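[1] Structure for the following, please:
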Amino acid sequence: MSDLFETPSATPSNAPHPLADRLRPKTLAEVIGQKQVIGEDGPLGVMLESGSLSSLILWGPPGVGKTTIARLLARETDLHFEQISAIFSGVPELRKVFEAAKIRRGNGRGTLLFVDEIHRFNKAQQDSFLPHMEDGTIVLVGATTENPSFELNAAILSRSQVLVLTRLDDDELDALATRAEKEIGRDLPLEPSARTALLSMADGDGRTLVNLIEQVSAWKVTTPLGVEQLTTRLMRRAAKYDKSGDEHYNLISALHKSVRGSDPDAALYWFSRMLEGGEDPRYLARRILRMSVEDIALADPQAQTVCLHAWETYERLGSPEGELALAQAVIYLALAPKTNAGYVAYKASRDAARKSGSEPPPKHILNAPTKMMKEQGYGAGYAYDHDAEDGFSGQDYFPDRMQRPTFYAPVERGFERELKKRVEYFAGLRSKRNSPRD
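    Down below sits the predicted model:
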């Protein structure tokens, strides 16, 4: 069995150890959370039961146990554990790791290579793992906080199983805190409400919670602290938000879908989450305007104007006052009638345009500025709509060889209800004018 979990001989046995080190699980069964992965019926549970461990990509937010799980997998499968970070390692370090793994394999022992932040490696560096994964020199366990389908090579993904780890929920954080208190030998000097606030500060990150607990447990206090005293002593940890990573796209998606779902409270919440995370309000202004075009559109033509004015107001007032105008635009959009009929019609028309190639317009709607063009029939038979009954000629404006399609199908909501009546009115006239006469 690997001795990697034993205390290094250079460290005196009576030397102080960080709380996180003392709480490190000894087996996968002791890991708090991630039961969907490490449980008896989870993928890792099944792998260990069958005695066959494949290469893995552990995808999840910080502080949910990626490194711990990798270490315990090595221990429970009697593989040598080797850890590198893509941030600090390059080609020379990788070569050394691979060569050592080959020697180890020749001596009858396998290697579990844990690569932290694996998405930081470029394509060539990621490709260098492939032959060693295929011949069994290493079992690769990569850890990433970014979406693997965007950040990792297809070849790596095809040879690995992606396991999704989730942030710890309140019960799991509470269990971790209880385990920490047992290790410390006393309860935290906090009132129940303050203890709950401490768990909230961790924001689903177990490592952060342990660090906070270690700070709190060192305080010299005679009576339990309340929420206000706790937050005064601790700087509240900012919510995780990477403006260029998954969290960015997750939150803007949540905002957009809340608006589309006509929920102003949820929409304001996600809008505020992004602002609190440091998002550029101009980015939000652009996305809010896009929502008005994509999801409200002609059901409320005023929506685009509201969004444009809110954006202009922000540009004139700046933060934080201008953000109120954007928030009000979010509320307006959430409560506005919804339609995507224009969006659907646009996509369908683009598709038809691609498929129809270079079909010319019918000659009757072509201008004929020259004699030759008139002789070729340009403009012949064109009916001037203003001279027609009801200002509508009913002529066909599609290419001659193209069967007339229908792209725009307005809904019975908002102003588009009136547009639906107009569409049906003109369709009726067109059918009447183009029907064979007796």
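
[2] Touching, Lys35 and Leu44? I think so.
    No - using Cβ atoms under 8 Å as the test, Lys35 is too far from Leu44 to be in contact (10.4 Å). The C-beta positions use only the backbone N, C-alpha and C, and glycine is treated the same way.

[3] okay, the two: which has more neighbours?
    Legend: neighbour count by other Cβ atoms under 10 Å for Lys35 and Leu44, higher for Leu44 (24 against 14).

[4] mind listing what the more buried one touches?
    Leu28, Val37, Ile38, Ile69, Leu73, Leu163 (Cβ atoms under 8 Å, 6 or more residues apart in numbering).

[5] switch to 10 Å and redo it
    28, 31, 34, 36-38, 53, 56, 58, 69, 72-73, 76, 161, 163 (Cβ atoms under 10 Å, 6 or more residues apart in numbering).

[6] From Arg120, how far out is it?
    Distance, Leu44 to Arg120, by Cβ to Cβ, to the nearest Å: 24 Å.

[7] Repeat that for Ala177.
    Distance check for Ala177 against Arg120: by Cβ to Cβ, it reads 32 Å.

[8] quick one: which of those two has more around it?
    The neighbour count for Ala177 versus Arg120, taken as other Cβ under 10 Å, is higher for Ala177 (22 against 17).

[9] Contacts only, for Arg159.
    Ser54, Ser55, Ile57, Phe129, Leu130, Met133, Glu134, Leu140, Asn153.

[10] let's see it at 8 Å
    Ser55, Leu130, Met133, Glu134.

[11] Can you say which of the residues you listed are buried?
    Using 16 or more other Cβ atoms under 10 Å as the burial test, the contacts of Arg159 include Ser55, Met133 as buried.

[12] Go through the contacts of Arg159 and say which is closest to Ala325.
    Checking the contacts of Arg159 against Ala325 with Cβ to Cβ, the nearest one is Ser55 at 50.6 Å.

[13] So the closest one is in contact with Val141, correct?
    Yes - under the criterion of Cβ under 8 Å, Ser55 makes contact with Val141 at 7.0 Å.

[14] ok, and the helix or strand in this structure with the lowest average confidence?
    Lowest by mean pLDDT, DSSP states H and E among the helices and strands of the chain is helix 371-375, with a mean of 81.

[15] Now the element after it, going C-ward?
    helix 416-434 (DSSP states H and E).

[16] and for that next one, what are the contacting residues?
    297-299, 337, 339, 341, 390, 392-394, 396, 408-412.

[17] again, only using 7 Å
    Residues from elsewhere that reach helix 416-434 (Cβ atoms under 7 Å, 6 or more residues apart in numbering): Leu298, Ala299, Thr339, Ala341, Asp390, Phe392, Gly394, Tyr408, Pro410, Glu412.

[18] What's the mean pLDDT across that helix?
    Helix 416-434 comes out with an average pLDDT of 88.

[19] what about dumping the CA coordinates of that helix to PDB?
    C-alpha atoms of helix 416-434 as PDB (Å, rounded to 0.1, in the frame of the first residue of the first chain):
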ATOM      1  CA  GLU A 416     -48.700  40.500 -31.700                       C
ATOM      2  CA  ARG A 417     -52.400  39.600 -31.300                       C
ATOM      3  CA  GLU A 418     -53.200  42.600 -33.600                       C
ATOM      4  CA  LEU A 419     -50.400  41.500 -36.000                       C
ATOM      5  CA  LYS A 420     -52.000  38.100 -36.200                       C
ATOM      6  CA  LYS A 421     -55.200  39.600 -37.300                       C
ATOM      7  CA  ARG A 422     -53.400  41.500 -40.000                       C
ATOM      8  CA  VAL A 423     -51.500  38.400 -41.200                       C
ATOM      9  CA  GLU A 424     -54.800  36.500 -41.400                       C
ATOM     10  CA  TYR A 425     -56.500  39.500 -43.200                       C
ATOM     11  CA  PHE A 426     -53.900  39.700 -45.900                       C
ATOM     12  CA  ALA A 427     -53.800  35.900 -46.300                       C
ATOM     13  CA  GLY A 428     -57.500  35.900 -46.900                       C
ATOM     14  CA  LEU A 429     -57.300  38.700 -49.400                       C
ATOM     15  CA  ARG A 430     -54.300  37.000 -51.200                       C
ATOM     16  CA  SER A 431     -56.300  33.700 -51.400                       C
ATOM     17  CA  LYS A 432     -59.300  35.500 -52.800                       C
ATOM     18  CA  ARG A 433     -57.400  37.600 -55.300                       C
ATOM     19  CA  ASN A 434     -55.400  34.600 -56.600                       C
END
